[in-house]
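> what's the 3D shape of this:
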Amino acid sequence: MSTPAGISIEFANVFYRADGSRDLISDLNLTIRAGEVFMLLGRSGSGKTTTLKLINRLLTPTQGRVDVNGTPNDQWDLIKLRRQIGYAIQEVGLFPHYTAAQNVGLIPRLEGWEKTKVRSRTEEVMRLVGLPPDQFSDRYPSQLSGGERQRLGMARALAADPPILLMDEPFGALDPLTRARLQADFRQLQQTLHKTVVFVTHDIGEALLLGDHIALMEKGRVRGVYTPREFLNSAEPHVQEYLEAFRVNQQILRSEQ
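Below you'll find the predicted structure:
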């Protein structure tokens, strides 16, 4: 499979204020390198999803700029920008009246791909995410398990082969066993695809497992950016708070075994 290399994203002094309210994002400066998995970690309301939406211009900064591949994203043609981006979310957003194959092939069809190319690519990405097309192509979302629907959402995000993936807690609603399996599969998939992935999570274990870098967000600000090893070894109080919660959860799980 021919896969374009991931492309870089940079936030430069970004502020975002909605409808005259307080700043939801304040002085955001981030560099997300091509081909890495960049985790946005934080509590609910910390600004993670807002940051994600600033990349594909679902939201526009009040101040500052967001560069995609070295060009401010407000200078991109909006359609061309969004064709560079796959979007996978917790709710999946599948069309219930479309079959699995129709859901996956939607974006390539809208982009005017030939029918044979759409069918070939649809089958390719369905196999890639563990949904053999001979078994799943004709099923509807209501006929799939939660994990299968999430895989289908991933296949749809990958269908047009975008260099960027935005993932907003994509595994958050799944049971622990299914979530662990999908996390492992995603990690293996990324080793093949090398997309630029921006991944929102409130789960520190997920951030440590999947991320090349972790940005810890709080009240619309980034408290720090770390590799997983740096995060685990950090003595900073705001990091230690997360690590302590993580250790407590691990101890509870061990005690219940």
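> Stretch 14-30: end-to-end distance?
Terminal residues of stretch 14-30 are spaced 9 Å apart (Cα to Cα, to the nearest Å).
> any residues touching that stretch, and which ones?
Where contact means Cβ atoms under 8 Å, 6 or more residues apart in numbering, the residues beyond stretch 14-30 that reach it are 9-13, 38, 47, 50-51, 54, 59, 61-66, 215, 219-222, 225. Every C-beta, even on glycine, is put in place using the N, C-alpha and C of the backbone.
> Please repeat the previous calculation with a cut-off of 6 Å.
With contact meaning Cβ atoms under 6 Å, 6 or more residues apart in numbering, stretch 14-30 is reached by 11, 47, 50, 61, 62, 63, 64, 220, 221.
> The fifth one: what's it in contact with?
Residue 62 sits next to 15, 16, 17 when contact means Cβ under 6 Å, 6+ apart.
> measure it to residue 198 for me?
Going from residue 62 to residue 198 by Cβ to Cβ, to the nearest Å gives 20 Å.
> circling back: among the contacts of stretch 14-30, which lie within helices?
In helices, defined here by DSSP state H, the members of the contacts of stretch 14-30 are residue 50.
> tell me which of the contacts of stretch 14-30 is nearest to residue 153?
In terms of Cβ to Cβ, no member of the contacts of stretch 14-30 lies closer to residue 153 than residue 50, at 21.1 Å.
> residues near that closest one, how many?
Look at residue 50: counted by other Cβ atoms under 10 Å, it has 20 neighbours.
> Tell me the backbone dihedrals of the nearest residue to it once chain neighbours are set aside, please.
Excluding its sequence neighbours, the residue lying closest to residue 50 (Cβ to Cβ, 6 or more residues apart in numbering) is residue 24, at 5.2 Å. Main-chain dihedrals, residue 24, degrees, to the nearest 10: phi -80, psi -30.
> What of residue 97?
Geometry field for residue 97 lists phi and psi as phi -90, psi 0, criterion degrees, to the nearest 10.
> that older thread, could you export the contacts of stretch 14-30 as JSON lines, including pLDDT?
Output for the contacts of stretch 14-30, formatted as JSON lines (pLDDT from 0 to 100):
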{"residue": "11", "pLDDT": "97"}
{"residue": "47", "pLDDT": "94"}
{"residue": "50", "pLDDT": "96"}
{"residue": "61", "pLDDT": "95"}
{"residue": "62", "pLDDT": "94"}
{"residue": "63", "pLDDT": "95"}
{"residue": "64", "pLDDT": "97"}
{"residue": "220", "pLDDT": "94"}
{"residue": "221", "pLDDT": "95"}
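> Out of the contacts of stretch 14-30, grab the one that's most surrounded.
Using other Cβ under 10 Å as the neighbour criterion, residue 47 leads those with 24 neighbours.
> What's the separation between that residue and residue 93?
Separation of residue 47 from residue 93 (Cβ to Cβ): 22 Å.
> Also residue 224?
Distance, residue 224 to residue 93, by Cβ to Cβ: 32 Å.
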